[in-house]
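Trainee: got a predicted structure here, sequence first:
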Amino acid sequence: MSKEKFAGVKGMNDMLPQDAAIWQTLQSTAVGVLERYGYQEIRTPILENTKVFTRGVGEVTDIVEKEMYSFTDSMNGDQLTLRPECTSAVVRSVNEHSLLYGATQRLWYCGPMFRHERPQRGRYRQFHQLGAEALGMAGPDIDAEMIIMLGRIWKELGVGEVRLELNTLGALSERQAHRDALIKYFEAHKDLLDEDAQRRLYTNPLRILDTKNPDMQDMVNAAPRLLDYLGAESRAFLERMEKLVSAAGISYVINPRLVRGLDYYNHTVFEWITDKLGAQGTICGGGRYDPLIEMLGGRPAPGVGFAMGMERVIELMRECGRVPVRTQTDVYVIHHGGDTQLQAMLLAEAMRDLGVRVIVHPGEASIKSQMKKADASGAAFAVFATEDETAQGLVAVKALREGAGAFAEQTTVPAAEAAAAVAAAVKAGC
Ligand code: HAM
């Protein structure tokens, strides 16, 4: 037999059992907040037709140009892509099922996304996003509410100060005027443009503002700002949104160079950034994308949304010491001699009826070795179903941790009362 030991795919991680509690805490905390704002879950497939993303995210974006896992379905020739993000997929689904006819939608999702990026701390090829999309609502109140909701999520997660950067991409006509000005400006500074910027000069000059190249920073900082091209309506939109966000006590900075890496945005764009995670400090990004629903074949309707990178938020929770402790079980049942295994299994069922987490020792072993397993399981209580005691209709209970309250000393109780007594002790210790 082959002895080859397999490794996972580069940039794609296993979530191991010791990390389950922190993932669950993140999801349940965030979803708890989302539900208080009226959001409902949507699940879309991990695979979509490639066009959903080339049209949605945009042909000349990093994601579409070089990061998508795309392939031809060998069964029927379909061009498919593992989703690099979920906004386009949610909009595809909302259009397909006519969810916006005469209605608005507040939707959340959570799951794996795939981008063929260079793996490093905080950047993976399979990563997880928890995101939300508010569809069919045009006003700045919705953008503001979404930002306020995210502020509440960070607060309830206990991750401390996360910096909010805001910008506006205005309306299409304003962007066009700004784009023309940008191209003129960059043409005048062509000698300073790196290869990437040269390539984007006429296809996506806005993205040049996003450059990390230190040699281009001064030139880019002095580039024409979209804020100076905004008409009265876009200005009013931004001001109203800022007013609502400030009134909720959320501080932010306007970053005129924040353009985001996806093409579907207009008006508000935002990112939440932490300094605690090194280079990949953006834990959440989002914005308004009024053109997208129509771009993907739907009746024109506005939308705004966000997605947080769960791996990054989890690392931040760890940095802030927010690591929940959750043991594997509350009770470990030890059995020894005769058919005490059967008694143990019935007693365990009775405890589970009362909501207690129970592990029954598998198979047979000495009491000493079962005790070791009980200890290692993290259980608060051990229940002993031994031959002599069960013959008299009794079992013994012992607390395994200091401060467990009841059963500090090993105590014998009637088997018929054991489930209720242990359940009460577990509850009292919670
Ligand atoms: P995005 O900025 O591409 O936006 O991704 C959102 C977040 O996902 C990032 O801020 C980051 O935390 C996380 N993320 C992105 N790529 C990786 C990676 N390779 N490894 C780990 N984490 C990553 C979107 O995806 C938009 N769909 C957000 C949105 C929703 N806009 C409107 N609605």
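Mentor: Received, thanks. Numbers count the residues shown, from 1 in each chain.

Trainee: what count of nearby residues applies to Leu244?
Mentor: Leu244 is flanked by 19 other residues according to other C-beta atoms under 10 Å. (Each C-beta comes from the backbone N, C-alpha and C, glycine too.)

Trainee: name the SS class of it, please.
Mentor: At Leu244 the chain is in helix, as set by DSSP: H, G, I helix; E, B strand; the rest coil.

Trainee: does the closest residue to it other than its chain neighbours sit in a helix, a strand or a coil?
Mentor: Using C-beta to C-beta, 6 or more residues apart in numbering and skipping the chain neighbours, the partner closest in space to Leu244 is Ala144 (3.5 Å). Recorded secondary structure, Ala144: helix (three-state DSSP).

Trainee: which ones are touching Ala144?
Mentor: When contacts are counted by C-beta atoms under 8 Å, 6 or more residues apart in numbering, Ala144 is found next to Arg240, Met241, Leu244, Val245, Ala248.

Trainee: my read is that Glu242 contacts Leu164, right?
Mentor: No: in this structure, Glu242 is not within contact of Leu164 by C-beta atoms under 8 Å, at 11.1 Å.

Trainee: who touches both of these two?
Mentor: Joint contacts of Glu242 and Leu164 (C-beta under 8 Å, 6+ apart) are Tyr252.

Trainee: contacts for stretch 353-366 next, please.
Mentor: Outside stretch 353-366, the residues within contact range by C-beta under 8 Å, 6+ apart are 328-336, 341, 344-345, 348, 351-352, 370, 373-374, 377, 379, 419-420, 422-423, 426.

Trainee: and those residues, which are buried?
Mentor: Buried members of the contacts of stretch 353-366, counted by 16 or more other C-beta atoms under 10 Å: 329-336, 341, 344, 348, 351, 370, 373-374, 377, 379, 419, 422-423, 426.

Trainee: span of stretch 90-107 from start to end?
Mentor: Distance across stretch 90-107, first residue to last, is 9 Å (C-alpha to C-alpha, to the nearest Å).

Trainee: touching the ligand at all, it?
Mentor: No: using C-beta under 6 Å from any ligand atom, stretch 90-107 stays clear of the ligand, coming no nearer than 8.2 Å.

Trainee: do the same with stretch 124-131
Mentor: Yes: using C-beta under 6 Å from any ligand atom, stretch 124-131 reaches the ligand at Tyr124, Phe127, Gln129, Gly131.

Trainee: could you look up the SS state of the nearest residue to Asp14 once chain neighbours are set aside?
Mentor: Using C-beta to C-beta, 6+ apart and skipping residues adjacent in sequence, the residue nearest Asp14 is Gly8, 6.1 Å away. Classification of Gly8 by three-state DSSP places it in coil.

Trainee: again, but for Ala379
Mentor: What three-state DSSP gives for Ala379 is coil.

Trainee: separation between it and Leu244?
Mentor: 49 Å (C-beta to C-beta, to the nearest Å).

Trainee: can you tell me if the helix or strand of the chain with the lowest mean pLDDT touches the ligand.
Mentor: Ranked by mean pLDDT, DSSP states H and E, the helix or strand of the chain with the weakest confidence is helix 62, at a mean of 88. No: Helix 62 is not in contact with the ligand by C-beta under 6 Å from any ligand atom; minimum separation 9.4 Å.

Trainee: sheet partners, orientation included, of the helix or strand containing Gln129?
Mentor: Using DSSP states H and E, Gln129 sits in strand 126-135. Partners of strand 126-135 in the sheet, by DSSP bridges, are strand 105-114 (antiparallel), strand 303-309 (antiparallel).

Trainee: hang on, the earlier thing: next one, pLDDT for the residue nearest to Leu244 please.
Mentor: Looking at Ala144, its pLDDT stands at 98.
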